[in-house]
Structures are given as C-alpha cells and as structure tokens.
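**Q** Have a look; sequence and predicted model below, questions after that.
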Amino acid sequence: MTASLDISYLPFANLLGIEIIEAKPELVVARLAVRKELCTIPDILHGGAIMSFADTVGAVATVLNLPEGASTTTVESKTNFLAPIPVGDVATATCEPFHRGGRLMVWQTKITRGDGRLAAVVTQSQMVMKPEKKA
C-alpha cells in the first residue's frame, strides 16, 4: 500500500521542509525544495542538507520495518556527490533496502534533481533497538 506519511513530528525534517510522497516498507520517496537557506555558494544545495535529507528518508524506511516497540538510530552513512542541485530546483529521494535484518537495516537512497539527473547516492546503516524487557 502506498501512502504519504506525516513527519511533522520530526522537528529537523520539518525545518528542512522534507515531504514524504510514498511510504512503504520496501520504498520511501520524498521531496525537498531547494531553498536559498539550504544552499552554499554558488546557490547549490549544501552537502549537509543532502545528507540530512537522505538520513531522514532512510530512518523513515527503517521505522516502517521495525517490530512493535523498537526504535532506530543511524550507525553509518556514506554519501557520493555526483551533481549539484541548484536553488529553486526540487530534490527527490528514492530509498530502497539492501538488507532488512532484525538488528541492522541497510538502505540506499538515490537523490535526483528536477531534470532527473542523479545528484547523490547515500548508503546508510540503521541499528534496530529493541525495547528492554521488564523484569
């Protein structure tokens, strides 16, 4: 089932302006409007904003796959920057799993520009933290 997902409860994602377009356990798609305050000189999306965008999308994908009561945190992230995304454009993130295990999930997020050109590829590992058992 494809659904949009409200992530307004995530303050940093809300600050960035991330919009989740599609959210399924095997695929998350999101958009980010490239605003001047997210850019570096000369008016291209800052690498940290790209990484934050991908990290958020990968975390959302992990949450969609967590067992009840579990939480997650990023333990590793690697980004390849391939093309700039100019101010006024829209970045689209497409996140798919490499591995969805019980303790670790690994995701690949491809970030494209409005013209479809691949701008970045991010691989991240998310640790699955199971709730503590009560004695």
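**A** Sure thing, it's come through.
**Q** in this structure, which spans are strands?
**A** In the chain, the strands defined using DSSP state E lie at 19-24, 27-33, 39-40, 44-45, 71-81, 90-100, 104-112, 118-129.
**Q** And these: which comes nearest Val60?
**A** Minimum separation from Val60 across the strands of the chain (Cβ to Cβ) falls at strand 27-33, 5.3 Å. All C-beta atoms are positioned from the backbone trio N, CA, C, and that covers glycine.
**Q** That closest one vs strand 19-24, what angle?
**A** Following axes from the mean of the first three to the mean of the last three Cα atoms, to 10 degrees, one obtains 180 degrees for the angle between strand 27-33 and strand 19-24.
**Q** What strands line up against strand 27-33, and which way round?
**A** Within its sheet, and counting by DSSP bridges, strand 27-33 is paired with strand 19-24 (antiparallel), strand 90-100 (antiparallel).
**Q** and the ones you listed as JSON lines, adding mean pLDDT and mean neighbour count?
**A** JSON lines is the format used below for the strands paired with strand 27-33 (pLDDT from 0 to 100; neighbours: other Cβ atoms under 10 Å):
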{"stretch": "strand 19-24", "mean pLDDT": "95", "mean neighbour count": "17"}
{"stretch": "strand 90-100", "mean pLDDT": "98", "mean neighbour count": "17"}
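**Q** now those strands in CSV, with distance to Pro131?
**A** Listed next are the strands paired with strand 27-33 as CSV, based on distance: least, Cβ to Cβ, whole Å:
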stretch, distance to Pro131
strand 19-24, 23
strand 90-100, 19
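**Q** What residues of stretch 83-91 count as buried?
**A** Pro84, Ile85, Asp89, Ala91 (16 or more other Cβ atoms under 10 Å).
**Q** ok so, going back, tabulate the strands of the chain (CSV), appending distance to Val63.
**A** As requested, the strands of the chain are exported to CSV (distance: least, Cβ to Cβ, whole Å):
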stretch, distance to Val63
strand 19-24, 9
strand 27-33, 10
strand 39-40, 29
strand 44-45, 25
strand 71-81, 6
strand 90-100, 12
strand 104-112, 10
strand 118-129, 9
